[in-house]
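> Let me see the structure of the following:
(chains A and B)
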Amino acid sequence: MSIELKHVSKQFGGVKAVHDVSFSVQEGELLALLGPSGGGKTTVLRLIAGLEMPTAGDILVRGERVNEIKVQKRNIGFVFQNYALFQNMTVFKNIAFGLSIKKWPSAKLEIRVKELVELLGLQGLERRFPHQLSGGQRQRVAIARALAPKPGVLLLDEPFGAVDAKIRQELREWLVRLHTDLNLTTLFVTHDQEEAMEVSNRIVIFSKGHLEQIGTPREIYEEPVNEFVARFIGVLNVLELEVRRGIGRAGEMEFPAADRADGERMRIGFRPFAVRISSDANQFPYRAFIRHAFFLGVMLRVELELPSGLTVRSRMAKEEYARLGLEEGQPVSFLILRYRILRGENEPLSPEILAGTPARPSFGEGI
Amino acid sequence: MAGYAKTPAHAHITASRRGTEESPLVKWLLILIALIFSIIFLLVPLVNVFAQAFSKGLAGYWNALADPDSLSAMKLTLLVAAITVPLNVIFGLAAAWTIAKFNFRGKSLLITMIDLPFSVSPVVAGLMYVLLFGLQGHFGEWLSEHEVKIIFAVPGIVLATVFVTFPFVARELIPVMQATGSEQEQAALTLGASGWQTFWRVTLPSAKWGLLYGIILCNARAMGEFGAVSVVSGGITGQTDTMPLRVEKLYNQYSGAAAFAIASLLALLALLTLGVKTFLEWKQSRAHELAEGAPLPEPLLPSAKN
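As a prediction, this is how the structure comes out:
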């Protein structure tokens, strides 16, 4: 076990930024700290780095408590959101900074800097100053600088936040490659769920200072512990139902609610993948028409509009869309394969409820 | 893309401005007035200082400067500056660093305190020290018992000068340090640097132009201060006369040429200060532009061909 947080809390004045957080990071893992801004994820990263001291709880590295160990001695590499490169130093000196602090002999130091320059593709830029670099180059210098003193863990705060979309994609792939090559325990903070899903082995989700869930991207997507996580990761259709005679209704859609009283309200949620569509208007119980189909590369997001005005979002591969002979404006019928009952933002979800028999075998996606 | 969007907007602004612009006649008239004004009030007096200084020839100029009392005044001025400037550099760095990097109670009070010497008349500043340390002052009796002389001696002059030049370094450094923020320093810490190493390698270099700017302004004021120093100095010729006091004394003794000779040195200092100040401002604005601007075009690197 590489890093462990035990009941860690952090308070800034009267504000609780991190509230009783416990989780552990395996050696060599690539872990994403994910959550909306203000969720406490950057504070957790800074606590691990030693840039903040916890108000309560313990932080352990390889089994040893590091609460009292100063940031200088924690042997971490930290990449700041805006890189925080030393403006008055060249790329070479930036990368060499940690080594020269540790008094490496200059021959060894030069070899190490050269290694990193090559690893990060910064050849030819050694004599430039940070202001003469592009955003992507600055970030790579920041990573090289953090890696130079051979840290035991690499911490990155919103590493892809300050670059444009194209470079962002490159950097994601590149970070995964770098992690595979170095096998270095790496934690990064992000507010972008897609980024976290794509890059990390495991994700820790924070909201308002609380740890909501930790797990692999697949676990979190398929088995979200509460409504917050379900809505934050991926798309969730949410319906408000009103119960009458043991049936919850939203528009023309009906769901069993035998144990509930008349007039009670309940909410259910289901993933777009749980919606099955047919071009045959009589095959499935509900009718709708395709209001819009958004092209998202391989996948399509299909928006259905029901006669009552309700909207249901579905998702399918574009081949499937073509095979079913669907097009915008077309009347269709649809079915909701499975759903969960929502009990409130931080309350656990119900187990998955299967509704109706699928026309074709399902492929085992989550709710 | 931004370039395309900018052009028409810019053209629109110049077009709309044209309607409100004054005629060329008014423009040139205003420039002429400003020019005449600065010639009469600035350039002519300045040139006159040098003309008067050399009115008795080069030898007369040299004799005026080589006079032992004048030499002693110069030495004292240099001594005062040599004590005052480092003191204010240390204080300025400490104050600017605290104000820029930390939030604490009484922060705005501290900022106001730093500005106090700007708003207090130098004569009052001098008097404050006389009232504290003079013979009739609060500590006067104790000081004279222990034979410590502050007023009418060098320590008093230094105190008064420190007070008057108090804000210069801090005032220049605060905005520079605030703009830099503390992330670079935190980065240095994560790389193993101690607080001291961080200060010398990261904090100070990033604030160096602001610091130099503050130092030359502080120095110019320290050497040129008259009011506060005149109250505490007592004007003992050859002992507690600084250059500005010496100029006044010589002038009152009808040694115009000698007075102007020393004045010319102070004027030279002023010109030099202005020159350095302009240079530093240029350096600083360039550094800012570079720090905030887009990356420079490629040909910064020595290319293999051509």
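
> roughly how far apart are A:Q330 and B:I83?
Counting by Cβ to Cβ, to the nearest Å, the gap between A:Q330 and B:I83 amounts to 89 Å. The way it works is simple: take the backbone N, C-alpha and C, and place the C-beta from them, glycine included.

> B:N88 versus the closest residue to B:D115 other than its chain neighbours, what's the distance?
In space, and not counting its chain neighbours, B:D115 is closest to B:P167: 5.9 Å by Cβ to Cβ, 6 or more residues apart in numbering or on different chains. The spacing between B:P167 and B:N88, counted by Cβ to Cβ, is 9 Å.

> just to revisit the earlier point, backbone phi and psi for the residue nearest to B:D115, please?
phi -80, psi -20 (degrees, to the nearest 10).

> for it, what are its contacts?
B:I114, B:D115, B:L116, B:P117, B:F118 (Cβ atoms under 8 Å, 6 or more residues apart in numbering or on different chains).

> I'd say the fourth one and B:A125 touch.
Yes. At 6.7 Å, B:P117 counts as touching B:A125 under the criterion of Cβ atoms under 8 Å.

> and for these two, which residues touch both?
B:F163, B:V164.

> Give me the contacts around stretch A:19-30.
A:1-9, A:31, A:40, A:44, A:56-57, A:153, A:176, A:179, A:183-188, A:199-202, A:204, A:206, A:208-211, A:214.

> interface residues of the stretch 51-200 of chain B facing chain A?
With the criterion set to Cβ under 8 Å from any Cβ of the partner chain, the stretch 51-200 of chain B comes near chain A through B:180, B:183-184, B:186-194, B:197.

> ok, of those residues, which one's closest to A:K318?
B:E183 (44.6 Å; Cβ to Cβ).

> Look up how far A:I59 lies from the closest one.
Using Cβ to Cβ, one obtains 22 Å as the distance from B:E183 to A:I59.

> rewinding a little: identify the farthest-apart pair in the residues of the stretch 51-200 of chain B next to chain A.
Farthest pair in these, by Cβ to Cβ: B:T180 and B:G192, 20.7 Å.

> of these two, who's got more company?
Per other Cβ atoms under 10 Å in any protein chain shown, whichever of B:T180 and B:G192 has more neighbours is B:G192, with 22 against 19.

> show me the contacts for that one.
Counting by Cβ under 8 Å, 6+ apart, B:G192 touches A:Q72, A:K73, A:G98, A:I101, A:K102, A:P149.

> which non-adjacent residue is nearest the last one?
Computed as Cβ to Cβ, 6+ apart, the closest residue to A:P149 that is not its neighbour in sequence is A:G98, at 3.8 Å.

> what sits against A:E328?
With Cβ under 8 Å, 6+ apart, A:E328 has these contacts: A:I290, A:R291, A:H292, A:A293.

> so where is chain A shaky, pLDDT-wise?
Applying pLDDT under 70 to chain A flags the ranges A:1, A:162, A:356-367.

> now do the stretch 1-150 of chain B
Ranges of the stretch 1-150 of chain B meeting pLDDT under 70: B:1-21.

> what about the helix or strand B:A222 falls within, average pLDDT?
Assigned by DSSP states H and E, B:A222 falls within helix B:208-224. Helix B:208-224 carries an average pLDDT of 90.

> now do stretch B:247-267
Stretch B:247-267 comes out at a mean pLDDT of 89.

> does A:M316 count as helix, strand or coil?
Secondary structure for A:M316, judged by DSSP: H, G, I helix; E, B strand; the rest coil, is strand.

> Give me the neighbour count for it.
Neighbours of A:M316 under the rule other Cβ under 10 Å: 21.

> And for A:S37?
A count of neighbours around A:S37, defined by other Cβ under 10 Å, yields 8.

> Then A:E173?
11.

> Is it in a helix, a strand, or coil?
Assigned by three-state DSSP, the conformation of A:E173 is helix.

> how near is it to A:G161?
Counting by Cβ to Cβ - A:E173 and A:G161 are separated by 17 Å.

> go on, B:D115?
38 Å.

> All the helices of chain A, in order from the start?
With DSSP state H, the ranges of helices along chain A come out as A:41-49, A:91-101, A:106-119, A:135-147, A:165-182, A:193-199, A:217-222, A:227-232, A:318-323.

> Go ahead and confirm A:L335 touches A:A288.
No. The pair A:L335 / A:A288 is not scored as a contact, 11.0 Å apart, by Cβ under 8 Å.

> For A:V204, which non-adjacent residue is spatially closest?
Sequence neighbours aside, A:I214 is the residue nearest to A:V204 in space, at 4.6 Å (criterion: Cβ to Cβ, 6+ apart).

> how close does the one you found sit to chain B?
25 Å (Cβ to the nearest Cβ, to the nearest Å).

> tally of neighbours for B:V162?
Counted with other Cβ under 10 Å, the neighbours of B:V162 add up to 21.

> Mind checking what secondary structure it has?
Strictly by three-state DSSP, B:V162 counts as helix.

> Contacts only, for it.
B:V162 neighbours (Cβ under 8 Å, 6+ apart): B:I83, B:T84, B:L87, B:N88.

> And A:D192, by the same measure?
Contacts of A:D192 by Cβ under 8 Å, 6+ apart are A:L34, A:F160.

> Report the separation between it and A:G234.
In this view, A:D192 and A:G234 are 13 Å apart by Cβ to Cβ.

> before we move on, what about A:K108?
Distance from A:K108 to A:G234, by Cβ to Cβ: 48 Å.

> Check A:G63 too.
36 Å.

> Of the two, which one has the most company?
A:G234 (21 against 8).

> nearest residue to the more buried one other than its sequence neighbours?
Nearest one to A:G234, counting by Cβ to Cβ, 6+ apart, is A:Y221 at 5.6 Å.
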